[in-house]
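J.: sequence and computational prediction follow.
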Amino acid sequence: MSGDGSSEVIAPARAAASVADAAELAALEAEWRDLAAGAIEPNAFYSPSLLLPALDAFPGDRPETVIIRDGAGRLIGLAPIAPLRGYSRLPAPYIATWMHKHCFFAAPLVRAGAERAFFRAFFDFADRRGAFLRLRHLDAEGPLFAAAAAVAAETGRLVSPSARYQRAMLPGGWRTEAYLESALSGKKRKELRRQRARLSDAAPVRFESMSGGPDLDAWTDQFLALEAAGWKGREGGALASEPASAAFFRAMMKRAGAVGELHFCRLLAGERPAAMGVNLISRHSGGAAVYAFKIAYDEALARFSPGVALEIEMMSDLEAREAVAFIDSCAQADHPMIDHLWRDRRRIAALNISRRDAPAKALFRILMMLERASEKARKRKPAPEADDDL
């Protein structure tokens, strides 16, 4: 009530963005986990279990974590960002949602129902940091992609999707045998059974899985050694090839295992690991979203397709134990193994968001035009042969 007796309308406080340092992130872990559980789109890579170890292991990218609270102080969103320079051959500074070398999805964690408030605050924050904002590796058919584009339009910003591709996924509700019957030819299923029988002839085969516990460190060491012994180790791309990557992996495995966000499996031939896989679980109201994070196999047993056998065992294991909404393969486009096993696809894309001022929009149009021209040129070239992760 004002002094002259008239009614005074007080507008509710808008959501506000800030950068949280390491101590602040550690202090809000309980809120953060509540946000992840209530997020409109799950993202295991931005959970405390993975993001905190990544921030420690890869500081050279200069990542910062943006947190957004609504007018009541409730945490409604979180996203790591990093500054980048150089886009479409022009030296433009911009910011992007952060993806280190072992991150395969970059949707911000946004509380369901707060998408518009989140993006308004996030875009205002980004305006002060660079020529534009790049939201990397979103689900192109998901609610965050749609909400970001809508809020950008409402606030006078330009948008441009880019880097679009499809990767294999397994939708929830599958039954392993029925799914394989529909996905694979009878000849291929017969060949897989034959390979499995031949592997069993060489040594007794058994499948094991775990979510944590006293054997986790031993399994982790075994995975690192198995991966390093293969082609990734020879090419310097194995986790054990780089101390920072190995440290990240060990830390995130412990964190994820401690809170039930890990599905670790292996296929043993005798006592020898024929293949091992690490899956990450993000539980929310829509069920368990599973991300196929890492896989390794014994190349000496390649003729038995142990990686494929492991994937099939994993499908059966998760079918029996979890209310899974989907499994994202996190694989490259046109992957030579998983694309034939899983016939469904998840469409991934980046979304570029301009600032609102006229000079920034003019630069944005030029950058996006150059990018589209570059993408068309790449499509005219023959695609290189894909590496087989299995």
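T.: Everything's here; your move.
J.: and for Ala149, nearest residue in space, chain neighbours not counted?
T.: Leaving aside its sequence neighbours, Ala149 sits nearest to Val159 (C-beta to C-beta, 6 or more residues apart in numbering; 5.0 Å). C-betas here are computed from N, CA, C, even on glycine.
J.: looking at it, that neighbour is touching Ile353, isn't it?
T.: Yes. Checked against C-beta atoms under 8 Å, the pair Val159 and Ile353 is within contact range at 5.8 Å.
J.: between the two, point out the one with more neighbours.
T.: Ile353 (24 against 19; other C-beta atoms under 10 Å).
J.: contact partners for that one?
T.: Going by C-beta atoms under 8 Å, 6 or more residues apart in numbering, Ile353 touches 123, 126, 132-135, 148, 152, 157-159.
J.: got it, and Ala57?
T.: Per C-beta under 8 Å, 6+ apart, neighbours of Ala57: 100, 244-245, 247-248, 251.
J.: so which of the contacts of Ile353 sit within strands?
T.: 132-135, 159 (DSSP state E).
J.: in ChimeraX, how would I select just the buried ones from those residues?
T.: Selection of buried members from the ones in strands among the contacts of Ile353 for ChimeraX, criterion 16 or more other C-beta atoms under 10 Å:
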select :132,133,134,135,159
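J.: and Leu84, what element?
T.: strand 75-87 (DSSP states H and E).
J.: and the helix or strand just after that strand, what does it pack against?
T.: Where DSSP H and E defines the elements, the next helix or strand beyond strand 75-87 is strand 90-97. Secondary-structure packing of strand 90-97 (3 or more C-beta pairs under 8 Å, 6 or more residues apart in numbering; DSSP states H and E): strand 75-87, strand 132-139, helix 358-380.
J.: sheet partners, orientation included, of the first one?
T.: The one in question is strand 75-87. Sheet pairing for strand 75-87, assigned by DSSP bridges, gives strand 64-69 (antiparallel), strand 90-97 (antiparallel), strand 109-110 (antiparallel).
J.: excluding chain neighbours, what is closest to Trp219?
T.: Closest to Trp219 by C-beta to C-beta, 6+ apart is Phe264, at 5.8 Å.
J.: state the phi and psi torsions of the one you found.
T.: phi -110, psi 130 (degrees, to the nearest 10).
J.: contact partners for it?
T.: Phe264 touches 209-211, 216, 219, 223, 253, 257, 276-279, counting by C-beta under 8 Å, 6+ apart.
J.: buried subset of those?
T.: By neighbour count, with 16+ other C-beta under 10 Å, the contacts of Phe264 hold 209, 211, 216, 219, 223, 253, 257, 276-279 as buried.
J.: how about the residues you listed in TSV, adding distance to Glu299 and secondary structure?
T.: Conversion of those to TSV gives the following (distance: C-beta to C-beta, whole Å; DSSP: H, G, I helix; E, B strand; the rest coil):
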residue	distance to Glu299	secondary structure
Ser209	23	strand
Ser211	28	coil
Leu216	25	helix
Trp219	20	helix
Phe223	15	helix
Met253	23	helix
Gly257	27	helix
Met276	13	strand
Gly277	16	strand
Val278	18	strand
Asn279	22	strand
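J.: columns distance to Leu78 and pLDDT on top of those, output as CSV?
T.: Listed next are the buried ones among the contacts of Phe264 as CSV, based on distance: C-beta to C-beta, whole Å; pLDDT from 0 to 100:
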residue, distance to Leu78, pLDDT
Ser209, 30, 97
Ser211, 24, 95
Leu216, 27, 98
Trp219, 30, 98
Phe223, 29, 98
Met253, 22, 98
Gly257, 22, 97
Met276, 31, 98
Gly277, 28, 98
Val278, 23, 98
Asn279, 23, 98
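J.: could the residues you listed go into a markdown table alongside distance to Pro83?
T.: Shown next, in a markdown table, are the buried ones among the contacts of Phe264 (distance: C-beta to C-beta, whole Å):
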| residue | distance to Pro83 |
| --- | --- |
| Ser209 | 40 |
| Ser211 | 37 |
| Leu216 | 36 |
| Trp219 | 37 |
| Phe223 | 33 |
| Met253 | 29 |
| Gly257 | 33 |
| Met276 | 36 |
| Gly277 | 34 |
| Val278 | 30 |
| Asn279 | 32 |
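J.: isn't Ala350 up against Val159?
T.: No. Contact criterion C-beta under 8 Å: Ala350 and Val159 do not qualify, at 10.8 Å.
J.: which stretch in the strands paired with strand 75-87 is the model least sure about?
T.: Mean pLDDT per stretch puts strand 90-97 lowest among the strands paired with strand 75-87, at a mean of 94.
J.: closest to Arg33 out of the ones in strands among the contacts of Ile353?
T.: Leu135 (22.8 Å; C-beta to C-beta).
J.: okay, and the beta partners of the closest one?
T.: Leu351.
J.: quick one, what contacts it?
T.: Taking C-beta under 8 Å, 6+ apart as the test, what Leu135 contacts is 96-97, 106, 108, 148, 350-353.
J.: how close does Gly230 sit to Ala107?
T.: 30 Å (C-beta to C-beta, to the nearest Å).
J.: okay, the residue nearest the centre of the chain: pLDDT?
T.: Nearest residue to the geometric centre of the chain (C-alpha atoms, centre = their mean): Phe105, 2.4 Å. Phe105 is assigned 98 on the pLDDT scale.
J.: same question for Ser245.
T.: 98.
J.: may I have the phi/psi pair for it?
T.: Dihedral angles for Ser245 - degrees, to the nearest 10 - are phi -70, psi -40.
J.: all good on my end, thank you.
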